[in-house]
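In: the sequence isn't on hand, but the structure is:
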């Protein structure tokens with residue numbers, strides 16, 4: 001089935017051109033043969049009818065009463081011989097016969113055929129039925145030996161002799177004529193008919209070919225466009241699957257980090273405020289407060305220790321809460337968010353932060369704004385904690401929906417491989433940014449550390 005595969009591999013236009021061309025050629029030959037045959041029959045019949053009419057007008061007055069259907073008398077035969085052998089009619093006629101309905105020749109210019117009887121053929125039978133029969137061919141009948149020896153096509157005509165009052169055929173005149181020029185007429189008729197059929201078929205096929213090729217090009221263009229769209233959809237589907245896997249992993253890590261973060265908050269509360277409150281609680285139950293004999297000065301000193309412990313516990317609780325609670329930033333711009341974080345860091349650490357903000361005022365999702373706030377806050381804390389706050393800088397750029405934030409310092413840097421997967425700093429930032437579809441990067445070395453985050457327009461607008 002290699003030919004079938006090769007055929008199916010062709011374009012629709014190519015298949016139509018091949019199959020339609022073969023069918024059109026076959027149809028052209030069939031129609032051409034039919035039309036040519038009909039035209040030839042019409043030309044031969046019309047030519048034969050004209051000749052028969054002429055012969056009948058010359059010969060009929062010389063014939064006796066044909067109701068007797070007997071061989072012609074000497075006078076009638078001599079009159080026919082003289083008429084048929086002279087003038088233009090004599091030059092055109094090759095032979096002449098007068099037939100009876102049973103196949104007997106009543107008269108012929110070949111005297112040896114008079115009175116002979118031959119089998120009635122179809123042409124003679126049709127003529128006795130009242131029809132004019134005309135043929136242009138090489139003579140082949142048994143009684144036509146003389147005509148056959150000429151070896152060329154002749155006009156053979158069977159013309160019925162009709163009774164005037166009844167219209168019944170009482171005899172049939174058969175004659176052969178040279179029909180000079182008829183062959184050329186038939187050749188011209190064939191040529192014109194074949195030319196007309198070929199021109200019509202070619203015009204019809206070419207018109208259909210133009211329409212099919214145009215439609216094929218349109219289909220191929222649509223098929224190519226559809227293939228490109230399918231490829232794009234497949235790529236988007238694969239990217240979506242990757243994002244789903246990435247989101248699933250990020251969700252799992254965020255859940256683990258959240259649990260770690262809660263344990264860290266619990267540890268901070270346990271090791272800080274809880275210890276101070278427990279110390280104050282123990283001092284409240286001391287003998288110096290319960291015993292009435294305790295000196296007022298001693299009791300006041302003990303109460304001062306309790307108040308100091310409770311004050312330290314409250315301070316630590318406020319510090320923990322200030323790190324957990326975000327200010328109202330839903331309606332703030334990027335410039336306002338960065339400025340707020342930088343100012344709070346400068347007050348807390350008593351250090352300086354160089355700030356550059358280039359903002360065209362896009363409307364960002366609240367989750368992205370929170371992510372920016374936490375990113376700058378955590379990055380500055382790490383710059384102060386690990387880099388000593390040396391040459392801290394924040395650069396934020398927002399253009400056409402694309403957000404790029406960069407926090408850097410000129411500290412000693414650190415080894416990224418030593419960062420624990422469960423740490424709450426950089427790992428938490430990376431997971432938060434990944435979950436929103438952004439990108440996170442850390443570059444560190446002897447010349448300092450630079451932490452960057454980027455959100456593309458489509459990702460920010462989600």
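Out: Good, I have the coordinates. All of these numbers come straight from a predicted model, not from anything done at the bench.

In: who are the packing partners of the helix or strand hosting residue 202?
Out: Under the criterion of DSSP states H and E, residue 202 resides in helix 182-271. Helices and strands touching helix 182-271, by 3 or more C-beta pairs under 8 Å, 6 or more residues apart in numbering; DSSP states H and E, are helix 12-59, strand 133-137, helix 296-324, helix 426-435. All C-beta spots, glycine's among them, are computed from the backbone N, C-alpha and C.

In: for the helix or strand hosting residue 124, which positions count as buried?
Out: Here residue 124 sits within helix 122-128, counting by DSSP H and E. For helix 122-128, the neighbour count (16 or more other C-beta atoms under 10 Å) marks 123, 124, 127, 128 as buried.

In: who touches the second one in this structure?
Out: In this case it means residue 124. Residue 124 sits next to 99, 103, 158, 172, 174 when contact means C-beta atoms under 8 Å, 6 or more residues apart in numbering.

In: kindly reformat those as TSV and extend each row with distance to residue 431, secondary structure and neighbour count.
Out: Compiled in TSV, those are given as follows (distance: C-beta to C-beta, whole Å; DSSP: H, G, I helix; E, B strand; the rest coil; neighbours: other C-beta atoms under 10 Å):
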residue	distance to residue 431	secondary structure	neighbour count
99	117	strand	25
103	116	coil	15
158	110	strand	24
172	115	strand	23
174	114	strand	22
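
In: residue 354: which of the residues you listed is nearest?
Out: residue 158 (123.1 Å; C-beta to C-beta).

In: what separation is there between that closest one and residue 239?
Out: Distance, residue 158 to residue 239, by C-beta to C-beta, to the nearest Å: 90 Å.

In: about what we covered before: quick check: the farthest pair among the contacts of residue 124?
Out: Largest separation among the contacts of residue 124 by C-beta to C-beta: 103 and 158, giving 12.7 Å.

In: now residue 35. Nearest residue, chain neighbours left out?
Out: residue 193 (4.9 Å; C-beta to C-beta, 6 or more residues apart in numbering).

In: my bad, residue 349
Out: Once flanking residues are discounted, residue 349 sits nearest to residue 384: 5.0 Å by C-beta to C-beta, 6+ apart.

In: what's the helix or strand for that neighbour?
Out: Assigned by DSSP H and E, residue 384 belongs to helix 366-387.

In: after that helix, heading C-terminal, what element do we hit next?
Out: Proceeding N to C from helix 366-387, the next assigned helix or strand is strand 392-399, under DSSP H and E.

In: which neighbours does the helix or strand just after that following strand have in its sheet, and in what orientation?
Out: Next along the chain after strand 392-399, taking DSSP H and E as the criterion, comes strand 402-409. Under the criterion DSSP bridges, strand 402-409 sits next to strand 392-399 (antiparallel), strand 448-455 (antiparallel) in its sheet.

In: want to throw the ones you listed into a markdown table with mean neighbour count and distance to residue 4?
Out: Shown next, in a markdown table, are the strands paired with strand 402-409 (neighbours: other C-beta atoms under 10 Å; distance: least, C-beta to C-beta, whole Å):
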| stretch | mean neighbour count | distance to residue 4 |
| --- | --- | --- |
| strand 392-399 | 20 | 59 |
| strand 448-455 | 21 | 55 |
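
In: between those strands, which one is nearest to residue 118?
Out: Nearest to residue 118, of all the strands paired with strand 402-409, is strand 448-455, at 110.9 Å by C-beta to C-beta.

In: where in the stretch 51-200 of the chain is pLDDT low?
Out: 54, 58, 60-70, 87-90, 164-167, 180-182 (pLDDT under 70).

In: the same query, at a cut-off of 90, please.
Out: Along the stretch 51-200 of the chain, segments meeting pLDDT under 90 span 51-117, 119-200.

In: what's the answer for the stretch 251-400 of the chain, then?
Out: 251-337, 340-341, 344-351, 358-375, 377-390, 398-400.

In: again, 80 this time
Out: 251-276, 278-307, 309, 312-313, 315-316, 318-331, 360-363 (pLDDT under 80).

In: who's residue 396 bridged to?
Out: Applying DSSP bridges to residue 396 gives these bridge partners: residue 357, residue 405.

In: surely it touches residue 369?
Out: No. Between residue 396 and residue 369 there is no contact under C-beta atoms under 8 Å: 11.9 Å.

In: which neighbours do these two share?
Out: Common neighbours of residue 396 and residue 369 (C-beta under 8 Å, 6+ apart) are residue 334.

In: one step back: relative to residue 412, how far out is the residue nearest to residue 349?
Out: The value you get for residue 384 to residue 412, if C-beta to C-beta is used, is 13 Å.

In: more neighbours, those two?
Out: Each of residue 384 and residue 412 has its neighbours counted (other C-beta atoms under 10 Å); residue 384 has more, 20 against 15.

In: which residues does the more buried one contact?
Out: Residue 384 is in contact with 345, 349, 351, 392, counting by C-beta under 8 Å, 6+ apart.
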